[in-house]
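Student: Provided below are the primary sequence and the corresponding predicted coordinates.
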Amino acid sequence: MPAGLLGIEELERPEIEAILSRAKDFQPLQSQSLKKLDALRGKLIVNLFYEASTRTRTSFEIAAKRLGADAVSITAASSSVSKGESLVDTLNTLAAMRPDAIVMRHSASGAPHFLSRHLPTPIINAGDGTHEHPTQALLDARTILDRRERLEGLRVAIIGDIAHSRVARSNIHLLAKFGVEIVLCGPASLLPKELTQLAPSVRLTTDIREAIRDTDVIMMLRVQLERQHEANFPASEYFQFYGLRLEHLDAAKPDAIVMHPGPINRGRELSSEVADFQRSVILNQVENGIAVRMAVLERIIG
Amino acid sequence: MAILIKNGRVIDPASATDRIDDVLIVGGKIAGVGTSLPTAGTEIFDASGLIVAPGFIDMHVHLREPGFEHAETIESGARAAAAGGFTSICAMPNTKPVNDSATVTSYIVEKARRMAVVNVFPIGAITKGSQGEELAALGAMKAAGAVAVSDDGRPVMNSRVMRRAMEFARSYGLPVIDHCEDLNLSAGGDMHEGALSVRWGLRGIPSASEDVMVARDLVLAQLTGARFHVAHISTRNAVAMVEYARLQGLPVTCEATPHHFSLTHEDMLPYDSNYKMKPPLRAACDRGAVVDGIVRGTVSAIATDHAPHAGSDKMQEFEACPFGIIGLETALASALEELVYPGKITLNRLVELFTTGPESVLRLGRGTLSPGAPGDVTIFGADFQWTYDVNQSCSRSRNSPFHGRTFRGGPVATIVNGELAWRRA
């Protein structure tokens, strides 16, 4: 990993494997009473969040602290952004304070890529618009690997608003690098046909039952109302056709797991019963988020 | 004041001239083309090894004045034009205020007369404020110097308004130029809709947004009999439709920009705003169709859509950046590189695309070296190498995807109304 972590697309498979393996080392730490290491003591990490976030920001903050680094979190509403400062100027200002990395979330696709061309500081992408969310894909892979020997040969269904999902894009890039069979499913207007060109082994369907058949992993996506710039589908019938219900799971493999990047909307993209289902691993994903982000931070600034 | 341009290869498509010869300009007018022209009292320009052509016309330029002088002025834009080999440019009306009245048209004409080293011809707005609702004062603008009407980047969505505009424009003898884009289909888009927009998580501008509007406008042109011109054509379907309309005998023309005939969305540096423009860089098949259209004569003119934006406006998140790139200084070199050297068109055809082509749309009385014509001459070379450094641009803006590119051939000197406006250092 040269400078930072902008996306999964440009990562080589061995780098992904190294992060996932290192994250496994950090997993036991999460349940110890003494959780703090000093690998990054004296390092400064700035978390710059231009979009609302609970779990990602907190997760990065905790990951930094558990490695002994100092972490400062800035949200757009309380910063000079609200005074009209441009993104480049804000980042240059922060870079002048010499952080060792900037963790950044922004509503514009490519914002961290654009900035990385103008900044000396490594940037870790914590979600850019509808483009990528690399640490989410890494923690999802870690979560799958906690329950499966390997990714190769698995079938994964990703269901929901694929068009606007950075989680989907990062997961597609990661899983495809490991030869996973990927089925994308959602309403036609949120499922552009060009998605098949993202990676080999990507298939599209608008039928949730077909997507789930014989699948090992079901990834549900949040319906991103804030990214619907137009009426892409009638919201009233979304749950009827694309909401995951317990009866759907019969068609999947018997040990199939259900994932969701959160925050979940019970009764919109999945039923309450599915959210609390025993093979739902939504909270394991959250837990793994810290271990994976520790591995990423250590790799970039360690 | 007289200039004798000696020993150049004189290419004047209007008079079917292509031979080594001399061109004499006296009193701001072309005095003649020949070998035994009087030399007494003339300044000699040795054009040996160079091509001497009628002054190039760029029918699609944004000069940003009045209103956005931090990005460009009539003075700086005109200098960039001269450095690109252009002797005449047409200024789109999306200034502040919009050029929708004789007052603004006159202001541009007057300012250009005092400040510009090239001829500047205003294009008036179709509707007041380019709001797409109420027709602007088309006749009064024409009387003040407007040579065409267009709402350029804010195309008239209301078909009835467009119909009336075409009817009036026809009666005043004005061509109607449309930036063909269905704003509902393209809403929110930042680049060509395709595999890359999906990959990069950017919202797409579908080719259909151009196709739908070209189709509508061609139907309205047929209905009204107006002279209709498609600006910066970029899609395969649009080229096909214009070709069809021309075969039907409609007075329909179109222009192509250097970036649309030389680049596709696959050439984009991801999230780099120097590749953000409207219409967007499209797919390889679209670029191919535009080149074919140029080769076959469907495309009448090369126009730059020179669109300066201040550095701070382009140094933003991709989706926040304004659309457009500068293009005056690289147009001729791009055309040589992409069209002439690969053998797609001849040098004669290239000169047509910059002279008689736009002249046939605009009827400025220029674009020829016939005796008595305005003394506008473009002298260019096809052999020397040079590298475009946007930081040395005469434009006030720096937004070009061609920065750092090495070209073979380009403008050498630009003579406007008998005066040397620019010469390669």
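Tutor: That came in fine, so what should we check first? Numbering: from 1, shown residues only, chains lettered A, B, ... in the order given.
Student: quick check: residues of the stretch 1-150 of chain A near chain B?
Tutor: Contact residues, the stretch 1-150 of chain A versus chain B (Cβ under 8 Å from any Cβ of the partner chain): A:9, A:86-88, A:106, A:108-111, A:113-114, A:117-118, A:128-132. Where C-beta positions appear, they are placed from N, C-alpha and C, glycine not excepted.
Student: so which of those are in strands?
Tutor: Judged by DSSP state E, the subset of those located in strands is A:106, A:128.
Student: now the buried members of the residues of the stretch 1-150 of chain A next to chain B.
Tutor: Those of the residues of the stretch 1-150 of chain A next to chain B that meet the buried threshold are A:9, A:86-88, A:106, A:108-111, A:113-114, A:128-132, by 16 or more other Cβ atoms under 10 Å in any protein chain shown.
Student: out of these, list just those in helices.
Tutor: Taking DSSP state H, the ones among these that sit in helices are A:87-88, A:111, A:113-114.
Student: mind listing what residue B:384 touches?
Tutor: Applying Cβ atoms under 8 Å, 6 or more residues apart in numbering or on different chains, we find residue B:384 in contact with B:408-410.
Student: tell me the SS of it?
Tutor: strand (DSSP: H, G, I helix; E, B strand; the rest coil).
Student: I'd like the distance between it and residue B:54.
Tutor: Using Cβ to Cβ, to the nearest Å, one obtains 22 Å as the distance from residue B:384 to residue B:54.
Student: ok, and the closest non-adjacent residue to residue A:46?
Tutor: residue A:99 (4.4 Å; Cβ to Cβ, 6 or more residues apart in numbering or on different chains).
Student: err, residue B:142, not the other one
Tutor: Nearest non-adjacent residue to residue B:142, counting by Cβ to Cβ, 6+ apart: residue B:172, 5.1 Å away.
Student: quick one, grab the pLDDT at that neighbour.
Tutor: Listed pLDDT for residue B:172 reads 97.
Student: please apply the same query to residue A:81.
Tutor: 67.
Student: how about the residues of the stretch 101-250 of chain B by chain A?
Tutor: Counting by Cβ under 8 Å from any Cβ, the stretch 101-250 of chain B comes close to chain A at B:187-188, B:194-195, B:197-203.
Student: rerun that using 10 Å as the cut-off
Tutor: For the stretch 101-250 of chain B, the residues in contact with chain A (Cβ under 10 Å from any Cβ of the partner chain) are B:184, B:187-188, B:190, B:193-204.
Student: out of the residues you listed, which sit inside strands?
Tutor: With DSSP E as the criterion, strands contain residue B:204 from among those.
Student: who wins on neighbours among the residues of the stretch 101-250 of chain B next to chain A?
Tutor: Sorting these by how many neighbours each has (other Cβ atoms under 10 Å in any protein chain shown) puts residue B:202 first, at 28 neighbours.
Student: residue 176 - nearest residue in space that isn't next to it in sequence?
Tutor: If you meant another chain, say so; for now it's chain A. In this structure, residue A:176 finds its nearest non-sequential neighbour in residue A:199, 3.3 Å apart by Cβ to Cβ, 6+ apart.
Student: oops, wrong one, chain B.
Tutor: Using Cβ to Cβ, 6+ apart, the closest residue to residue B:176 is residue B:169 (4.8 Å).
Student: now residue A:59
Tutor: Using Cβ to Cβ, 6+ apart, the nearest residue to residue A:59 is residue A:289, at 4.1 Å.
Student: and residue B:406, by the same measure?
Tutor: That would be residue B:387: by Cβ to Cβ, 6+ apart, it lies 4.6 Å from residue B:406.
Student: quick one: residues contacting that neighbour.
Tutor: B:402-407 (Cβ atoms under 10 Å, 6 or more residues apart in numbering or on different chains).
Student: inside strands: which ones of those residues?
Tutor: Among the contacts of residue B:387, the ones falling in strands (DSSP E) are B:406-407.
Student: now, which of the contacts of residue B:387 sits nearest residue A:149?
Tutor: Comparing the contacts of residue B:387 against residue A:149 with Cβ to Cβ places residue B:404 closest, at 49.9 Å.
Student: against chain A, how distant is the closest one?
Tutor: Distance from residue B:404 to chain A, counting by Cβ to the nearest Cβ, to the nearest Å: 15 Å.
Student: also residue B:383?
Tutor: With Cβ to the nearest Cβ as the criterion, residue B:383 and chain A are 35 Å apart.
Student: what is the burial count for that residue?
Tutor: By other Cβ under 10 Å, the residues close to residue B:383 number 8.
Student: now do the strands in chain A.
Tutor: Ranges of strands within chain A are A:44-49, A:70-75, A:101-106, A:123-128, A:155-159, A:181-185, A:202-205, A:217-220, A:257-259, based on DSSP E.
Student: equivalent analysis for the stretch 251-400 of chain B, please.
Tutor: All strands of the stretch 251-400 of chain B, identified by DSSP state E, counting those that start in this stretch, fall at B:252-256, B:301-302, B:377-387.
Student: relative to residue A:297, which of those is closest?
Tutor: Among the strands of the stretch 251-400 of chain B, strand B:377-387 comes nearest to residue A:297, with 42.2 Å by Cβ to Cβ.
Student: got the buried residues for that closest one?
Tutor: Neighbour-count burial for strand B:377-387 flags B:377-382 (criterion: 16+ other Cβ under 10 Å).
Student: about what we covered before: okay, the ones in helices among the buried ones among the residues of the stretch 1-150 of chain A next to chain B in JSON lines with pLDDT next?
Tutor: JSON lines is the format used below for these (pLDDT from 0 to 100):
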{"residue": "A:87", "pLDDT": "90"}
{"residue": "A:88", "pLDDT": "91"}
{"residue": "A:111", "pLDDT": "96"}
{"residue": "A:113", "pLDDT": "96"}
{"residue": "A:114", "pLDDT": "93"}
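Student: tell me which of those residues is nearest to residue B:317?
Tutor: residue A:111 (4.7 Å).
Student: surely the residue nearest to residue A:176 is in contact with residue A:174?
Tutor: Yes: counting by Cβ atoms under 10 Å, residue A:199 does reach residue A:174; the two are 9.5 Å apart.
Student: break down the stretch 51-200 of chain B into its strands, ranges please.
Tutor: Assigned by DSSP E, counting those that start in this stretch, the stretch 51-200 of chain B shows strands spanning B:51-54, B:56-61, B:86-91, B:119-124, B:148-149, B:176-178, B:191-192.
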